[in-house]
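Enquirer: the following block contains a protein sequence and its predicted model.
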There are 2 protein chains.
Amino acid sequence: MHTEPEHDPAATGLAAALDIGGTKIAGALVDGTGRILVRARRPTPAREDAETVMGAVASVLDELAGSPLWGRVEAVGIGSAGPVDAAAGTVSPVNVPAWRGFPLVDRVRARVAGRPVCLVGDGVAMTAAEHWRGAARGYDDALCLVVSTGVGGGLVLGGRPHPGPTGNAGHIGHISVDLDGDPCPCGGRGCVERIASGPNIARRALAAGWRPGPDGDATAAGVAAAARAGDPAARGAYDRAARALAAGIAATATLLEVRIAVVGGGVAGAGEVLFAPLRRELRRYATLPFTRPLEVVPATTGTDAGLLGAAAAALDPRADRAPRA
Amino acid sequence: MHTEPEHDPAATGLAAALDIGGTKIAGALVDGTGRILVRARRPTPAREDAETVMGAVASVLDELAGSPLWGRVEAVGIGSAGPVDAAAGTVSPVNVPAWRGFPLVDRVRARVAGRPVCLVGDGVAMTAAEHWRGAARGYDDALCLVVSTGVGGGLVLGGRPHPGPTGNAGHIGHISVDLDGDPCPCGGRGCVERIASGPNIARRALAAGWRPGPDGDATAAGVAAAARAGDPAARGAYDRAARALAAGIAATATLLEVRIAVVGGGVAGAGEVLFAPLRRELRRYATLPFTRPLEVVPATTGTDAGLLGAAAAALDPRADRAPRA
């Protein structure tokens, strides 16, 4: 007898994935090969009370549960804007003020009929996605970064994502690469994010005399367009960001022997305006012999990284999951 | 029948340990509880040719093999000044110029009758020692540092030492905390070692006007004595070293959620002259909520750290050993 369904990866091992950010709450059903089979999405009511935000999550889950595939869901993965506490199952997203220590894992578990639920930070989720289906595939030791409004990241060590005890490992945006540098909103000084995030690139370019073009785009994307056209202040802002990222990536490689740094997020969309100085500066900071194999490449999983990473975490048979109630 | 010897930890699981540095080559037989039962030691003929250096290692091994306990040795562990390549089994200690890619594991294995031989860098060895018998005992995620002529380190992640693919993980001395800072001999800029090593503490104090006392001690220990007596230039040099160490330790905690930093080496002998500003500066750089539990404490395994760590690596049943010939 031919039992084809049992040999079809899409017929087993579905994960329900949630990607929770300050702008949107996305959900999906994802199969064991990384295919997204069903999607749902709501805007994040980020300025509302905690139960209203949870209501949007519940609405996404209800839509997914309405799919005929729901019965095949084995596990639920959540990637959330941080900070998160994966051990406690709680989240405190900076851009969702009503959620502080919000027991998201318990609240989701109550809606998914006893399925295991795991929680990771968004940097860890993006890293799991790039390791599963993206540019870090096949690398046992990797750093993945999201360079956008902030700078986040995650680690792969010894062949698997390394979330750390509370799911926050890989927070490269808040390591100091300039110990006497500008104060950072986190309380530190000279953090990678304070130099390399999109808003800080735009700020630095403006301070050096760059002005937005006729389209009025005053963001890092506007700076990148000017840099491509040769504007020295715009180039200088990207060079500085590249140096800070290089120092942070080199520090990670020196501490952990990571062999690849995968850079995603809106700022990575600047392409060679960012990557050319980044490769050059990495050679200046990653100097020890064991760091020489280090490569830096763009991310490939794009806007689905959060969903894919949450699914990867849910489907990883070795994953540490929050204790079940 | 009473089989006491089988229940005596000292009766089983002996390791032969080698600690190879630029000044001395130490060896020991170590039992499963961390007791050192036999010792041997030779000066390192660091300026001689490769075979002369190996001859000193062989002489230490021969002395250990002359012990009646040698027959109970199950495994051999080597901790060596770096860089090392644990995967290839080779060492290239900076202060032993004749050894570049020297196949130490193969050469030792040829003398120990087929016993497994494992190699780790000295930072990883000190970390394994502190995790096994010292201040990091009981911590699943830890950073250990040696602050001396250089600044080295090692990591414990998820409950066990994390040497990285080539045994060099934890090289905190060569992460940049000052991306525009002074050039470092490694080729980078503003490395932790460039600011916080003993010679750099002394250099900074002298540049700020400190002068050695009647005993003529111009080392970091002399600076520490002056700092204790209130000399502002001496205090300033330690404060600066503490800030660089704090930025590096905080970076490691932010990347890896380590909960304790254990500081050993000669510079740690300055005591509160170093540790008081170090604790203060850590609060300034380790700012994210998940880094708040971070403690910083002195190492406790002292000059035997290298031997204990090599033994711990040899006796770890889960250790990745270099492939046997």
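Expert: Looks like it arrived, so ask away. Numbers count the residues shown, from 1 in each chain, chains lettered A, B, ... in the order given.
Enquirer: show the pLDDT at the most centrally placed residue in chain A.
Expert: By Cα atoms, centre = their mean, chain A has its centre lying nearest to A:Gly123, at 3.3 Å. Turning to A:Gly123, the model gives it a pLDDT of 93.
Enquirer: could you do A:Glu6 as well?
Expert: The model reports A:Glu6 with a pLDDT of 39.
Enquirer: same check, this time on A:Ala299
Expert: Predicted confidence (pLDDT) for A:Ala299: 97.
Enquirer: surely it touches A:Ala305?
Expert: Yes - with contacts counted by Cβ atoms under 8 Å, A:Ala299 reaches A:Ala305, the gap being 6.9 Å. C-beta: built from backbone N, CA, C; applies to glycine.
Enquirer: do a quick rundown of the helices in the stretch 151-300 of chain A.
Expert: Under the criterion DSSP state H, counting those that start in this stretch, helices of the stretch 151-300 of chain A are mapped to A:192-196, A:198-207, A:220-228, A:232-256, A:272-285.
Enquirer: dump those into CSV; add mean pLDDT, mean neighbour count and distance to chain B as well.
Expert: Output for those, formatted as CSV (pLDDT from 0 to 100; neighbours: other Cβ atoms under 10 Å in any protein chain shown; distance: least, Cβ to the nearest Cβ, whole Å):
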stretch, mean pLDDT, mean neighbour count, distance to chain B
helix A:192-196, 97, 28, 9
helix A:198-207, 98, 21, 14
helix A:220-228, 98, 23, 20
helix A:232-256, 98, 26, 4
helix A:272-285, 98, 19, 5
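Enquirer: nearest residue to A:Ile20 other than its sequence neighbours?
Expert: Spatial nearest neighbour of A:Ile20, excluding adjacent residues (Cβ to Cβ, 6 or more residues apart in numbering or on different chains): A:Ser80 at 4.3 Å.
Enquirer: who does the one you found form a beta bridge with?
Expert: With DSSP bridges applied, A:Ser80 shows beta-bridge pairing to A:Ile20, A:Gly121.
Enquirer: how about it, what does it touch?
Expert: Neighbouring residues of A:Ser80 by Cβ atoms under 8 Å, 6 or more residues apart in numbering or on different chains: A:Leu18, A:Ile20, A:Gly21, A:Val91, A:Pro93, A:Leu104, A:Leu119, A:Val120, A:Gly121, A:Asp122.
Enquirer: thinking again about what came up before, and for A:Ala299 and A:Ala305, which residues touch both?
Expert: Each of A:Met126, A:Glu130, A:Gly134, A:Val146, A:Gly264 lies in contact with both A:Ala299 and A:Ala305 under the rule Cβ under 8 Å, 6+ apart.
Enquirer: from A:Gly138, how far out is A:Ala246?
Expert: A:Ala246 sits 24 Å away from A:Gly138, going by Cβ to Cβ, to the nearest Å.
Enquirer: any residues touching stretch A:176-191, and which ones?
Expert: A:173-175, A:192-195, A:244, A:247-248, A:251, B:176-180, B:190, B:243-244, B:247, B:250-251, B:284-285, B:287-288.
Enquirer: CA-only coordinates of the strand or helix carrying A:Val60 in PDB, if you can.
Expert: Using DSSP states H and E, the element containing A:Val60 is helix A:50-65. Output in PDB follows, covering the C-alpha atoms of helix A:50-65 (Å, rounded to 0.1, in the frame of the first residue of the first chain):
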ATOM      1  CA  ALA A  50      -2.800  45.000  27.500                       C
ATOM      2  CA  GLU A  51      -6.100  43.100  26.900                       C
ATOM      3  CA  THR A  52      -6.700  44.900  23.600                       C
ATOM      4  CA  VAL A  53      -3.300  43.900  22.400                       C
ATOM      5  CA  MET A  54      -3.900  40.400  23.400                       C
ATOM      6  CA  GLY A  55      -7.200  40.500  21.600                       C
ATOM      7  CA  ALA A  56      -5.400  41.200  18.300                       C
ATOM      8  CA  VAL A  57      -3.200  38.100  19.000                       C
ATOM      9  CA  ALA A  58      -6.300  36.100  19.700                       C
ATOM     10  CA  SER A  59      -7.900  37.300  16.500                       C
ATOM     11  CA  VAL A  60      -4.800  36.100  14.500                       C
ATOM     12  CA  LEU A  61      -4.900  32.800  16.300                       C
ATOM     13  CA  ASP A  62      -8.600  32.400  15.600                       C
ATOM     14  CA  GLU A  63      -8.100  33.000  11.900                       C
ATOM     15  CA  LEU A  64      -5.400  30.400  11.800                       C
ATOM     16  CA  ALA A  65      -7.500  28.000  13.700                       C
END
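Enquirer: same for that helix, what does it pack against?
Expert: strand A:14-20, strand A:24-30, strand A:36-43, helix A:104-109 (3 or more Cβ pairs under 8 Å, 6 or more residues apart in numbering or on different chains; DSSP states H and E).
Enquirer: in it, what counts as buried?
Expert: Judged by neighbour count using 16 or more other Cβ atoms under 10 Å in any protein chain shown, the buried positions of helix A:50-65 are A:Val53, A:Met54, A:Ala56, A:Val57, A:Ala58, A:Val60, A:Leu61, A:Leu64, A:Ala65.
Enquirer: how far away is the nearest residue to A:Leu245 once chain neighbours are set aside from B:Ala247?
Expert: Nearest residue to A:Leu245, sequence neighbours excluded (Cβ to Cβ, 6+ apart): A:Ala196, at 5.0 Å. From A:Ala196 over to B:Ala247 the distance is 17 Å, taken as Cβ to Cβ.
Enquirer: go on, A:Phe102?
Expert: According to Cβ to Cβ, A:Phe102 stands 32 Å off from B:Ala247.
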